[in-house]
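[1] here are the coordinates; sequence isn't available:
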């Protein structure tokens with residue numbers, strides 16, 4: 001089913017229920033000027049019990065000599081100089097301070113004030129710095145001396161935390177601390193305005209709109225007020241044109257988006273702005289509903305950005321809250337921010353409660369060349385989804401399958417690994433018809449290694465000890481039952497009562513001879529086509545004439561058909577073309593720069 005922007009949200013124009021104890025109708029500490037509104041946060045005892053574990057966790061992480069919370073880090077991350085150690089984190093400290101104030105235990109009020117004052121002081125305030133208004137991740141890695149890229153998003157995230165504190169507890173704050181918060185918010189909002197992210201950066205575009213809108217009206221900044229209103233309209237128009245958020249179908253960023261839009265619903269009350277916000281909020285829920293697979297309680301693909309291949313307790317808690325308890329999935333957690341009160345639009349509830357299977361959801365995520373489309377085939381036993389064009393960056397999910405139960409969902413994800421980490425320079429091309437997929441993969445010299453943009457290849461060159469295509473079967477104890485007898489022979493096997501069919505119809509990477517192997521760790525199993533493994537060697541994509549892979553795939557339960565015959569691919573004029581089961585796919589075999597709209 002293909003849907004336009006308004007086809008499922010036209011009737012959904014509602015305001016979200018206010019936070020307990022928060023009203024814009026009047027009373028002590030309540031503010032409403034017809035454009036923005038806020039009121040003191042007064043949680044119920046039940047709500048305090050929900051956030052009590054967060055309070056306790058914060059207590060354990062708090063180090064009074066630093067007046068911050070601490071965390072131990074391990075592993076590489078785009079914006080961190082260190083890869084291990086004990087660090088004092090900015091965002092966690094602001095969050096803990098805000099939670100302490102919401103919890104309203106008098107013995108910890110001064111602690112909250114101390115944390116806020118200390119953590120604000122870590123903001124870059126040098127007006128000559130391009131990072132003015134931004135906070136570092138950690139006290140130990142100041143913005144001014146960082147070696148890895150500064151994360152400008154920390155102006156947005158931390159300003160939202162400070163706005164929560166300011167609007168929910170303004171009258172409690174000591175006057176000097178209130179002034180420091182005001183100054184920090186203005187610096188952060190100015191940083192956001194200078195950066196002026198494109199509306200295709202969904203969550204940051206929404207968050208930045210909220211921050212600049214609120215700060216400009218709280219502190220009477222007319223030029224920024226005009227900017228914020230225009231930014232909201234620009235994002236709204238962009239989303240309408242794209243039939244949804246640019247960071248499409250993202251479990252991570254769609255939830256972040258509806259969280260922030262819900263926050264905007266509570267605090268931005270100017271009628272025209274509110275209308276746009278309400279429609280954008282319904283848009284987020286429309287994407288979630290159409291890609292929800294009730295038999296597994298999973299969020300099907302394809303996904304533009306995701307930090308994991310399975311959703312779990314937090315997502316289930318969101319659905320429980322937003323459905324008034326109608327959707328109650330085992331293993332759910334309470335939604336952690338009790339000030340956010342979600343509600344699923346009534347016209348979307350059937351997708352969660354009484355879905356129709358089998359059905360095929362079709363999306364157009366990007367209209368410009370190359371057009372990016374998505375297909376998700378949902379049945380009572382499994383769900384299979386692909387995108388037409390994508391990359392194999394570790395946050396992308398251009399190929400996903402789910403099966404199992406809500407208590408034990410399993411998944412299949414396709415990955416291209418460089419030294420066992422997802423290789424962002426691998427470009428995906430796919431076609432899908434119901435339970436069958438035909439795919440091709442090539443490589444972009446101007447692509448990234450571990451990140452699309454933050455770790456670019458060195459003019460198409462990279463060092464490698466290992467390069468492989470992986471079919472990863474997650475959260476299943478069953479091992480892969482077979483591997484192909486030869487590189488391009490089809491293989492069929494059964495896992496959890498489902499039949500899987502895989503055939504690598506093409507696999508050429510310059511001089512390397514590939515082979516199949518399997519492995520597993522008890523919870524995850526994998527079937528790998530190993531392109532290269534051995535001593536570290538330099539690979540130069542600009543000097544390679546042929547580097548491409550292609551495979552056919554089918555997934556079947558009782559009554560489903562796996563097509564007979566092998567997929568066939570041929571190369572003509574530098575283009576790999578393949579056909580199978582009425583599907584067609586093509587891709588250049590010589591590495592070339594990635595598609596324009598990547």
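    Received the coordinates, thanks. Just so it is clear, the model here is predicted, and its values are computed rather than measured.
[2] where along the protein do the helices fall?
    45-61, 90-103, 109-120, 153-169, 175-195, 202-218, 222-242, 251-267, 271-290, 313-322, 349-353 (DSSP state H).
[3] give me the mean pLDDT for the second one.
    Mean pLDDT, computed over helix 90-103, is 97.
[4] that helix packs against which elements?
    Helices and strands touching helix 90-103, as assessed by 3 or more CB pairs under 8 Å, 6 or more residues apart in numbering; DSSP states H and E, comprise helix 45-61, strand 68-74, helix 109-120, helix 153-169. Where C-beta positions appear, they are placed from N, C-alpha and C, glycine not excepted.
[5] which other helices and strands does the last one contact?
    The reference is to helix 153-169. By 3+ CB pairs under 8 Å, 6+ apart, helix 153-169 packs against helix 90-103, helix 109-120, helix 175-195, helix 202-218, helix 251-267.
[6] if we can go back for a sec, got the helices of the chain as JSON lines, with distance to residue 488 columns?
    Listed next are the helices of the chain as JSON lines, based on distance: least, CB to CB, whole Å:
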{"stretch": "helix 45-61", "distance to residue 488": "52"}
{"stretch": "helix 90-103", "distance to residue 488": "49"}
{"stretch": "helix 109-120", "distance to residue 488": "57"}
{"stretch": "helix 153-169", "distance to residue 488": "44"}
{"stretch": "helix 175-195", "distance to residue 488": "49"}
{"stretch": "helix 202-218", "distance to residue 488": "40"}
{"stretch": "helix 222-242", "distance to residue 488": "39"}
{"stretch": "helix 251-267", "distance to residue 488": "35"}
{"stretch": "helix 271-290", "distance to residue 488": "36"}
{"stretch": "helix 313-322", "distance to residue 488": "39"}
{"stretch": "helix 349-353", "distance to residue 488": "40"}
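[7] would you mind finding the most buried of these?
    Highest mean neighbour count of the helices of the chain: helix 202-218, a mean of 26 (counted as mean count of other CB atoms under 10 Å).
[8] among the helices and strands packed on helix 90-103, which comes closest to residue 283?
    Set against residue 283 and scored by CB to CB, the helices and strands packed on helix 90-103 come closest in helix 153-169, at 20.3 Å.
[9] next, the contact list for the closest residue in space to residue 399 that isn't next to it in sequence, please.
    Among residues not flanking residue 399 along the chain, residue 414 sits closest, at 4.1 Å (CB to CB, 6 or more residues apart in numbering). Contact analysis of residue 414 by CB atoms under 8 Å, 6 or more residues apart in numbering lists 392, 398-399, 439, 469-472.
[10] separation between the most centrally placed residue in the chain and residue 491?
    The structure's the chain has its C-alpha centroid closest to residue 252; by CA atoms, centre = their mean the separation is 3.0 Å. The gap separating residue 252 from residue 491 is 33 Å, by CB to CB, to the nearest Å.
[11] all strands of the stretch 401-550 of the chain, in order?
    409-418, 421-422, 426-433, 436-443, 461-474, 491-495, 498-509, 515-520, 525-540, 547-556 (DSSP state E, counting those that start in this stretch).
[12] how about these, which one is nearest residue 369?
    Nearest of the strands of the stretch 401-550 of the chain (CB to CB): strand 426-433, 13.7 Å.
[13] give me the distance from that closest one to the chain's centre.
    20 Å (CA atoms, centre = their mean, to the nearest Å).
[14] contacting residues around that strand?
    375, 377, 384-392, 396, 398-399, 416, 437-444, 447, 581-587, 594-595, 598.
[15] just the buried ones from the residues you listed?
    Using 16 or more other CB atoms under 10 Å as the burial test, those include 375, 377, 384-392, 396, 398-399, 416, 437-444, 447, 581, 583, 585-587, 594-595, 598 as buried.
[16] contact partners for residue 570?
    576-578.
[17] coming back round to it: just put the contacts of residue 414 in TSV and tack on pLDDT and distance to residue 97.
    Formatted as TSV, the contacts of residue 414 follow (pLDDT from 0 to 100; distance: CB to CB, whole Å):
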residue	pLDDT	distance to residue 97
392	97	39
398	97	40
399	98	42
439	98	48
469	98	46
470	97	42
471	96	45
472	96	40
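[18] looking at those, spot the one nearest residue 168.
    Nearest to residue 168 among those, with distances taken as CB to CB, is residue 398, at 40.8 Å.
[19] per-residue confidence for the closest residue to residue 348 other than its chain neighbours?
    Nearest non-adjacent residue to residue 348, counting by CB to CB, 6+ apart: residue 289, 4.0 Å away. Looking at residue 289, its pLDDT is 98.
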